[in-house]
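Engineer: Sharing a model that was predicted from the sequence below.
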Amino acid sequence: MKALFKPASGTSTSKNSIGGAAWVPEGTQVPVCRCCGAVLQLFVQFDVQRQFALPFREGSHFVLSLCPKCNEIPMFDTYAGQQLPARYWEKNVGNHHAALYRPTDAWAPAPGVDLLRAFDLVFTEQAPASESFQIGGEPCWVQEAEHFTCSCGAEMRLLLQIPENHPFPKLESAPEQPDSFSSDDYCAFLGNEVYVFACEKQCDERAVWITVQN
């Protein structure tokens, strides 16, 4: 399944979006960068839908937010082919927050920074790989394939793949992102090919692992 941007309207109240407000369970604490203390910027979010054929609970909600200042790769250690350590989501560099929230009837938009142009996402079977996100399926590895096992023993399954140098258009009023490939766009993790995996048992809402290749 592919995810494409819809034309920007300037704002988005959708739970399937680039930019806009992050929808989280009521009472969820707003994440901040552990490196600099900045409030994180929502980059992408979407609901898990039946058509995606994912092993996760339908109605779960994925959110990826990144620091607008600390543009760095998500990990310095690699656990490819190994079981991930306990609470591995706390062992990254601290410049992002990724969560796969379980279904709930109590969603609320979280306060946060507003630096990206807001787009709704539309889902389709056919779309150029360079222009869309891949949701689920098998990873399209740029280098050697990597495999991960959650600390709970369950398999980590691909949730989202973001193409290399994929642009996240910024608002005209927003500052340039450090180390981006464009003065008009932000990028995820220095513009690398991004692979987002989640525990297929959803043992914790933070049981999400991100690796990059280029």
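Structural biologist: Yes, it's here.
Engineer: which residue is nearest the middle of this structure?
Structural biologist: In the chain, the C-alpha nearest the mean C-alpha coordinate belongs to Leu64, at 3.3 Å (C-alpha atoms, centre = their mean).
Engineer: in the sheet, who's paired with that one?
Structural biologist: Val44, Ala98 (DSSP bridges).
Engineer: Verify the contact between it and Asn95 for me.
Structural biologist: No - judged on C-beta atoms under 8 Å, Leu64 makes no contact with Asn95 at a distance of 11.8 Å. For the C-beta atoms, the positions are set from N, CA and C on the backbone; glycine is no exception.
Engineer: what sits in contact with each of these two?
Structural biologist: By C-beta atoms under 8 Å, 6 or more residues apart in numbering, Leu64 and Asn95 have no common neighbours.
Engineer: Okay, now the unreliable bits of this protein?
Structural biologist: Low-confidence segments of the chain (pLDDT under 70): 7-12, 76-77.
Engineer: Residue most distant from the centroid, the protein?
Structural biologist: Most distant residue from the mean C-alpha position of the chain: Ser173, 23.6 Å away (C-alpha atoms, centre = their mean).
Engineer: re earlier: I'd like to know how far the residue nearest to the centre of the chain sits from Leu42.
Structural biologist: With distances taken as C-beta to C-beta, to the nearest Å, Leu64 is found 8 Å from Leu42.
Engineer: repeat for Ala86
Structural biologist: Taking C-beta to C-beta as the measure, Ala86 falls 28 Å from Leu42.
Engineer: With Asp185 instead?
Structural biologist: Distance of Asp185 to Leu42, computed by C-beta to C-beta: 15 Å.
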